[in-house]
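> Need the 3D shape of this:
(chains A, B, C and D, ligands or ions: 6)
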Amino acid sequence: MTSYNTVNITRQDEIAPGFYLLSFKSPFSVHQAQPGQFVYLRCDNTYDPLLPRPFSIAMVDGGKNEVAILYQVVGRGTALLAQKKELDRFTVLGPLGRGFTLPPSGRLFRPKGGPKRVEPLESFPPSFLRIAVVAGGVGIAPLFFLLQRLKDLPDLTIEVLIGVRSIKQLLLATEIKSLSPQVKLHLATDDGSCGFHGSVTEILATLLKADKIDLVYACGPEAMLKIVAELLTKHNVPGEVSLERQMGCGVGACLSCVCKAKGERENSFRYRRVCKEGPVFPVQEIIWEE
Amino acid sequence: MTSYNTVNITRQDEIAPGFYLLSFKSPFSVHQAQPGQFVYLRCDNTYDPLLPRPFSIAMVDGGKNEVAILYQVVGRGTALLAQKKELDRFTVLGPLGRGFTLPPSGRLFRPKGGPKRVEPLESFPPSFLRIAVVAGGVGIAPLFFLLQRLKDLPDLTIEVLIGVRSIKQLLLATEIKSLSPQVKLHLATDDGSCGFHGSVTEILATLLKADKIDLVYACGPEAMLKIVAELLTKHNVPGEVSLERQMGCGVGACLSCVCKAKGERENSFRYRRVCKEGPVFPVQEIIWEE
Amino acid sequence: MVDLTIEIAGLRLKNPVITASGTFGFSQEYAPYVDLNRLGAITVKGITLLPRSGNPPPRLVETPAGILNAIGLQNPGVDYFAASILPYLSQFEVPVIVNMAGETVEEYAVLANKLSELNNIAALEVNISCPNVEKGGLQFGSDPAAAAEVTRAVKNNTSLPVIVKLSPNVTRIETVAQAVAQAGADALSLINTILGMAIDLKKRRPVLGNIFGGLSGPAIKPVALRAVWQVFEEVSLPIIGMGGIFTAQDALEFIMAGAKAVAVGTANFINPRATIDILEGIENYLRENKIKRLSDLVGAAHCKQ
Amino acid sequence: MVDLTIEIAGLRLKNPVITASGTFGFSQEYAPYVDLNRLGAITVKGITLLPRSGNPPPRLVETPAGILNAIGLQNPGVDYFAASILPYLSQFEVPVIVNMAGETVEEYAVLANKLSELNNIAALEVNISCPNVEKGGLQFGSDPAAAAEVTRAVKNNTSLPVIVKLSPNVTRIETVAQAVAQAGADALSLINTILGMAIDLKKRRPVLGNIFGGLSGPAIKPVALRAVWQVFEEVSLPIIGMGGIFTAQDALEFIMAGAKAVAVGTANFINPRATIDILEGIENYLRENKIKRLSDLVGAAHCKQ
Ligand SMILES: Cc1cc2nc3c(=O)[nH]c(=O)nc-3n(C[C@H](O)[C@H](O)[C@H](O)COP(=O)(O)OP(=O)(O)OC[C@H]3O[C@@H](n4cnc5c(N)ncnc54)[C@H](O)[C@@H]3O)c2cc1C
Ligand SMILES: Cc1cc2nc3c(=O)[nH]c(=O)nc-3n(C[C@H](O)[C@H](O)[C@H](O)COP(=O)(O)OP(=O)(O)OC[C@H]3O[C@@H](n4cnc5c(N)ncnc54)[C@H](O)[C@@H]3O)c2cc1C
Ligand SMILES: Cc1cc2nc3c(=O)[nH]c(=O)nc-3n(C[C@H](O)[C@H](O)[C@H](O)COP(=O)(O)O)c2cc1C
Ligand SMILES: Cc1cc2nc3c(=O)[nH]c(=O)nc-3n(C[C@H](O)[C@H](O)[C@H](O)COP(=O)(O)O)c2cc1C
Ligand code: FES
Ligand code: FES
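Ligands and ions are numbered 1, 2, ... in the order given. Below is the predicted model of the structure:
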């Protein structure tokens, strides 16, 4: 069901300074895509930059079978992409990778008595699941698609925690609020221009301390994810994070995009492909580098 | 007076399928530019393609101080250029090289009794100069600018000979006709869709045979220029041709763009830089390769 | 109809388009995009005797028209390959070339022996040119005598055709080619990646975990083409050309320079269907230029008119 | 104010930005675009004892993120250089480095001698790495003993600082570097171009008149950077780094890898003001990062934290 195709852009908007929302006709059925999966796309038809760029699926429109990505211009590839307009064409490989596990599912693990003994979440289902979705900056992209799916599930509450540098970089807040009454939005800004003045992980820490969260999904800068991981371990709460690594093939063939994950034996490690076993991993699996 | 600058495109039109006329604000005074000189410009801001591309100055607008180039899309650089539109910016180095010698001038040589003994044209001035301007395909570009300058000179008639594959590739014919009553247009097409069915060099041969031409300026495919050179030698008529070579620096520094020219001693040769001593050369100077 | 078949080291390929080792995984990953049965052959990721976890990340960085990689031969080892990967590959009607590497001559020998006992392997590609491992790899590939020794060790332990993959990181690649030819190699693969590096200005440290990496992609095409040309002039073994082949035009340049077959590497990352696009492009070229047999083009650029 | 001065082989340069030989002509051509007095030094096109007409065209072809050139050391010879070019260069307040080449060791010696009798030459750059000439050039650069011999011959015939320019077309560039260091070289330039080629599909012949050419430009940056890194680790001579330097970021990578100065080559063709842009970019970087002396950055990427 993954595919490689040239597609048309249907719309592109700069939704905040330097942040673009780009929609295209999906070459695959969006109903089969999982939140957290990504597309690998070529920003332009040149050998420089050479590689495609990975972007999480940020939104799907089931009616039109369209996909949108939300991206920040950080370098040449994204700058080229930002120049594209309606009807321009580019190649899309995807959907790729393994996305977030929607509850309930066997892929979620809750550590009991430390990270070593783990059990599938099914064996430990709270009757009412209290979810936190934690986004740092453009990390909201895969989480928005996740929210599009979560909002239709029964028996859960969703706290959306968004951390951005400043209110100017706040993305999709209105769209998130109008998703569902189950969703509650918490904001944190580095410069205090809106919401909590400080890091989004501090909000998460408060919620966890108050034992208000059963499950966490997070995406954002690796430094943030590392703190999220520490908090989850400390409070013995399961969660999943979406990682980023420089990619080569995007499909699991080249072994470029690996991250260090816990191995089968104690203190051992193994390399996991972010493009294939990830980009979403159970938070306890990852060995965070300093 | 040559310069290196980023300039704005003021206009771009596809004047025939695959042929574009692109105007930009000139960073140099167009009054000082010579017909036959070229600009070296970067089609895009990528390392692939890496080098700038050379284009003859095809038209100048003295009032607006604008330059236009006329080009054919043949590869990636020209394809990128064709995507540009008004207000897009690109870098222009120029004007570069040595252009056509406007009569009368010491740079024109008329061979007497064969190509070896040559004399400056001044020593042999026909009271009334009969000029032929011979263009093959997009080779009309520098010649149009030449015509813009020639048309103001006294005491000459101008036969413009244009050869193209088919009428669809005919460029600037109306503009040429309206330049001046001195100008007479002859057309040749490979497919017979307009004018003489055959090669433009056959028209030139007829005119030369009838002793109707004192001086020739030519630009076009090298195979055509070679025939022009043979005709001129045979009829002992002076002329200048504009050559093309793959360039590196465009300014004479790298010695990449050389063509083989006659040396000082008999049967000797020397390499001449197309970007510096050319692109326009007296026709007898060139040693044509098979 | 044009004849695309080509013979290399006794192997008859239905067409000259092969995957380059390490860029196509074990081919499952590309099966959704490519009809594997259409390929001339599949060369798998480098296999070692024991599993290897590879180099610490970052393992890849983009460079102008190229990439640097330092995977470090991460692979599950020959036993896992035999048990779990080869059966998958065997379903297809496509010759499987196994790329193999070792840290000692002995290891190459044992590995060759093990691989030769397996079914459904068409040939061995001996990697003596990997710049990304401390021991073995480049060490063997940059010394003609060592290269010959490895070649002999492999030849003595297999009846499969032996393709030796050479490194461009040498003063004279022809000399190494000659040495492995004399040692019994049946064919040559040229080239492996060129040793390079990149520096992270923010960290003021090399980008790659391994410091050095191997440069591949369009950037190295001129160097690869030159290597094929040079070896074709001096050694009569069939050559599999590779290094920056992204289009049918690129592939045809290699063939005219003397390659009998071509391998597509980095291009797969940019266009997962690159192999097929190249194959179709070659076929069209032959048809348009009324060339009946691809083999008529091999080395064509060497003949002076 | 940041301190951009750097000392190389006893030469004090006001900043580290130098022009790469053969890409800046004799600098007149670039004078309309560049204030020559702002350059750290100017390295002129390679000079030989007698005039050379160079290789038959085509001499240049574009490749992905690079160019191949096969100029073949076209130059007017040392006498013309002394009479007609050096006086022009002497007007400027900028050290002139003369790049020199020969076909025999003897020729290098005689040329060094002749050049040393002239005024206003700051240093000699000995080109033993030109891939585009049949005799000399690469032949000397790819053999450590021959490289050392040329170095000694030049050293014995000059009191000027001697910079030896090395080729990347070798198995171990550190070995050649070591050999010329022992032979008395005062500094090293790395790297010259990488041997490559391109084929013209229409003609079915090599594009370049010389068949082979030297690859330069962004494509080779990873290889050049690696060479600088390797030589910095093993040889203590000052290094002038070059190969694909197009931006200040590129230059800083070379400096962190161990280059004391950088030379800008192919970039001049794309941006005639590249040298000045790079100089200003380096200055800004130092200022923004509060680094007082450029020399503090040299080799910075080698120190493990
Ligand atoms: C699975 C996955 C999903 C992603 N989803 C999104 C998304 O939804 N929206 C979005 O904006 N970005 C996303 N990214 C990151 C995005 O791929 C990069 O920002 C993009 O590739 C940069 O390309 P560029 O050419 O503009 O920058 P480059 O010129 O390649 O790099 C510019 C700068 O950005 C840094 N950089 C490059 N790639 C990355 C990276 N992967 N992570 C962090 N820094 C990087 C470089 O080190 C450099 O400093 C995702 C990455 C992965 C791996
Ligand atoms: C002094 C000078 C003046 C010129 N003036 C004009 C002009 O006014 N209008 C115009 O349309 N063109 C002109 N040209 C030619 C123009 O520079 C090339 O067509 C252009 O560089 C091709 O760039 P590209 O990237 O599109 O093609 P590439 O991708 O570089 O090449 C595509 C194809 O075109 C061929 N090609 C590339 N460059 C040339 C060339 N210089 N001559 C012939 N074939 C070439 C290549 O061999 C290849 O087959 C001039 C060239 C010179 C040297
Ligand atoms: C990510 C990656 C992994 C590679 N792994 C191997 C390998 O395991 N064994 C091998 O012989 N070559 C390996 N190579 C080299 C390629 O097979 C090929 O020789 C090289 O990349 C040049 O071709 P290209 O420019 O088309 O990629 C690898 C290359 C890349 C990019
Ligand atoms: C057109 C051209 C001519 C060159 N001529 C010489 C030369 O005469 N002597 C020399 O030592 N190097 C010569 N070089 C090599 C450059 O000085 C430089 O080492 C090489 O191009 C790598 O740097 P770059 O990638 O910045 O161009 C030449 C390079 C080019 C592109
Ligand atoms: S990018 Fe190739 S394995 Fe993940
Ligand atoms: S292009 Fe450099 S000398 Fe003409």
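> for the host helix or strand of A:Glu240, packing partners?
Element membership of A:Glu240 [criterion: DSSP states H and E] is strand A:239-242. With contacts taken as 3 or more C-beta pairs under 8 Å, 6 or more residues apart in numbering or on different chains; DSSP states H and E, strand A:239-242 sits against strand A:215-219, helix A:222-235, strand A:280-282. (Glycine included, C-beta is placed from N, CA and C.)
> what lines up beside it in the sheet?
strand A:215-219 (parallel), strand A:280-282 (antiparallel) (DSSP bridges).
> Next, format these as CSV and append mean pLDDT, distance to A:Phe100 and mean neighbour count.
As requested, those are exported to CSV (pLDDT from 0 to 100; distance: least, C-beta to C-beta, whole Å; neighbours: other C-beta atoms under 10 Å in any protein chain shown):
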stretch, mean pLDDT, distance to A:Phe100, mean neighbour count
strand A:215-219, 96, 6, 27
strand A:280-282, 97, 5, 23
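> got TSV for those strands, with distance to D:Ile245 too?
Output for the strands paired with strand A:239-242, formatted as TSV (distance: least, C-beta to C-beta, whole Å):
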stretch	distance to D:Ile245
strand A:215-219	37
strand A:280-282	40
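> Could you pull up the mean pLDDT of the next helix or strand after the strand holding A:Glu240?
For strand A:239-242, the following helix or strand on the C-terminal side (DSSP H and E) is strand A:258-262. Average pLDDT, strand A:258-262: 95.
> residues touching C:Leu297, list them.
C:252, C:255-256, C:286, C:291 (C-beta atoms under 8 Å, 6 or more residues apart in numbering or on different chains).
> can you tell me how far it sits from ligand 6?
33 Å (C-beta to the nearest ligand atom, to the nearest Å).
> ok, now A:Pro95?
Distance, A:Pro95 to ligand 6, using C-beta to the nearest ligand atom: 48 Å.
> contacting residues for A:Leu102?
So A:Leu102 contacts A:35, A:149-150, A:153 (C-beta under 8 Å, 6+ apart).
> so it sits in a strand?
No: read with DSSP: H, G, I helix; E, B strand; the rest coil, A:Leu102 is coil and lies in no strand.
> And the pLDDT at it?
The model reports A:Leu102 with a pLDDT of 88.
> still on that earlier bit, which of the helices and strands packed on strand A:239-242 sits closest to C:Val207?
Between C:Val207 and the helices and strands packed on strand A:239-242, the shortest gap by C-beta to C-beta is with helix A:222-235, which sits at 16.0 Å.
> Quick one: list the elements packing against the closest one.
Packing partners of helix A:222-235 (3+ C-beta pairs under 8 Å, 6+ apart): strand A:129-136, helix A:200-209, strand A:215-219, strand A:239-242.
> how about the residues of the stretch 101-250 of chain A near ligand 1?
Residues of the stretch 101-250 of chain A lying close to ligand 1 by C-beta under 6 Å from any ligand atom are A:138, A:141, A:244-245, A:247.
> could the helices and strands packed on helix A:222-235 be laid out in CSV, adding distance to ligand 2?
Below are the helices and strands packed on helix A:222-235 laid out as CSV (distance: least, C-beta to the nearest ligand atom, whole Å):
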stretch, distance to ligand 2
strand A:129-136, 43
helix A:200-209, 48
strand A:215-219, 41
strand A:239-242, 41
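> could you dump those to CSV with distance to C:Val154?
Formatted as CSV, these follow (distance: least, C-beta to C-beta, whole Å):
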stretch, distance to C:Val154
strand A:129-136, 52
helix A:200-209, 55
strand A:215-219, 48
strand A:239-242, 44
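> Name the residues of the stretch 151-300 of chain C found near chain A, please.
Contacts of the stretch 151-300 of chain C with chain A, taken as C-beta under 8 Å from any C-beta of the partner chain, map to C:217-219, C:246, C:266, C:268-273.
> can you do 6 Å?
By the rule C-beta under 6 Å from any C-beta of the partner chain, the part of the stretch 151-300 of chain C lying against chain A is C:217-218, C:269, C:272.
> Scan those residues and report the most crowded one.
Within those, neighbour counts (other C-beta atoms under 10 Å in any protein chain shown) peak at C:Gly217, which reaches 31 neighbours.
> just checking, what packs against the biggest strand by length in chain A?
What stands out as the longest strand in chain A, according to DSSP state E, is strand A:3-16. In terms of contacts (3 or more C-beta pairs under 6 Å, 6 or more residues apart in numbering or on different chains; DSSP states H and E), strand A:3-16 is packed against strand A:19-25, strand A:89-96.
> Out of those, which is closest to D:Asp200?
Per C-beta to C-beta, nearest to D:Asp200 of these: strand A:89-96, 29.2 Å.
> Note down every partner strand of the closest one and its orientation.
strand A:3-16 (antiparallel), strand A:38-41 (antiparallel).
> Tabulate the ones you listed (JSON lines), appending distance to B:Leu187 and mean pLDDT.
Formatted as JSON lines, the strands paired with strand A:89-96 follow (distance: least, C-beta to C-beta, whole Å; pLDDT from 0 to 100):
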{"stretch": "strand A:3-16", "distance to B:Leu187": "41", "mean pLDDT": "95"}
{"stretch": "strand A:38-41", "distance to B:Leu187": "48", "mean pLDDT": "97"}
